[in-house]
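>>> Mind folding the following:
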Amino acid sequence: MFKKLFSKGNEASKNIEVFSPITGEYVEIENIPDPVFAQKMMGEGFGVKPTEGVVVSPISGVVDNVFPTKHAIGLKADNGLEVLVHIGLDTVQLNGEGFKTFVESGDHVKVGDKLVEFDIDYIDQNAKSSISPIIITNTDQTETLSISDSTHVSKGETKVIDVTVK
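Numbering: from 1, shown residues only. Below you'll find the predicted structure:
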């Protein structure tokens, strides 16, 4: 009851825009060469074939999880939307080689803040692919989700997904 009385005006917007965290070629989720992502087992989203080895935050919120192997980062927006940025495919096996993180769990970030640098050539030579999935991991908590069809995306600039959370 008190929460309802005193939190009016401080509630996070249910609408949020998700920007590309990586510069490169847009890849439809169904075309990501990994069935876990392509079949949307982890959620809805898209992929990027990177042309630059920098990952920035696609949303404003909190860093929820920096994987110990530095190949993925989980973010959570103030409205509860959860976004996973997974750099490359089968990159967990690289044990952090080729990755440098700039944030840790609990850090607050804005769209465009640098999260990770990665070596595209190293990933291409030592993992399945450098194609990087960007996934809404709690798609079941969304009311509407609209993905823009793009060809080239720029980190922190190209809006790819419009979401309204429940």
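>>> what stretches of this protein score poorly on pLDDT?
Segments of the chain classed as low confidence (criterion: pLDDT under 70) are 1-11.
>>> Can you list the residue ranges for strands in this protein?
Under the criterion DSSP state E, strands of the chain are mapped to 15-19, 24-28, 44-50, 54-56, 61-66, 72-77, 82-86, 99-101, 108-109, 114-118, 132-136, 142-147, 152-153, 159-165.
>>> Please produce CSV containing the ones you listed, extended by mean neighbour count and distance to Val92.
Heads up, the C-betas are built off the backbone N, CA and C, glycines and all. Rendered in CSV, the data for the strands of the chain read as follows (neighbours: other Cβ atoms under 10 Å; distance: least, Cβ to Cβ, whole Å):
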stretch, mean neighbour count, distance to Val92
strand 15-19, 19, 23
strand 24-28, 18, 20
strand 44-50, 23, 17
strand 54-56, 23, 16
strand 61-66, 18, 13
strand 72-77, 21, 8
strand 82-86, 23, 9
strand 99-101, 17, 11
strand 108-109, 16, 22
strand 114-118, 20, 13
strand 132-136, 26, 13
strand 142-147, 14, 26
strand 152-153, 19, 24
strand 159-165, 19, 24
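>>> Of all those, which one comes closest to Phe37?
Distance to Phe37, taken as Cβ to Cβ, is lowest for strand 132-136 among the strands of the chain, at 4.4 Å.
>>> gap between the closest one and the chain center?
Going by Cα atoms, centre = their mean, to the nearest Å, the spacing between the C-alpha centre of strand 132-136 and its chain's C-alpha centre is 5 Å.
>>> Export the strands of the chain to TSV and append columns for distance to Gln93.
Putting those into TSV (distance: least, Cβ to Cβ, whole Å) gives the following:
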stretch	distance to Gln93
strand 15-19	27
strand 24-28	21
strand 44-50	18
strand 54-56	19
strand 61-66	18
strand 72-77	13
strand 82-86	13
strand 99-101	12
strand 108-109	27
strand 114-118	14
strand 132-136	16
strand 142-147	29
strand 152-153	26
strand 159-165	28
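>>> Who are the contact partners of Tyr26?
Taking Cβ atoms under 8 Å, 6 or more residues apart in numbering as the contact definition, Tyr26 lies against 20, 46-48, 149-153, 160.
>>> is it possible to export those to JSON lines including distance to Ala12?
As requested, these are arranged in JSON lines below (distance: Cβ to Cβ, whole Å):
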{"residue": "Ser20", "distance to Ala12": "22"}
{"residue": "Phe46", "distance to Ala12": "23"}
{"residue": "Gly47", "distance to Ala12": "27"}
{"residue": "Val48", "distance to Ala12": "26"}
{"residue": "Asp149", "distance to Ala12": "28"}
{"residue": "Ser150", "distance to Ala12": "26"}
{"residue": "Thr151", "distance to Ala12": "32"}
{"residue": "His152", "distance to Ala12": "31"}
{"residue": "Val153", "distance to Ala12": "25"}
{"residue": "Val160", "distance to Ala12": "20"}
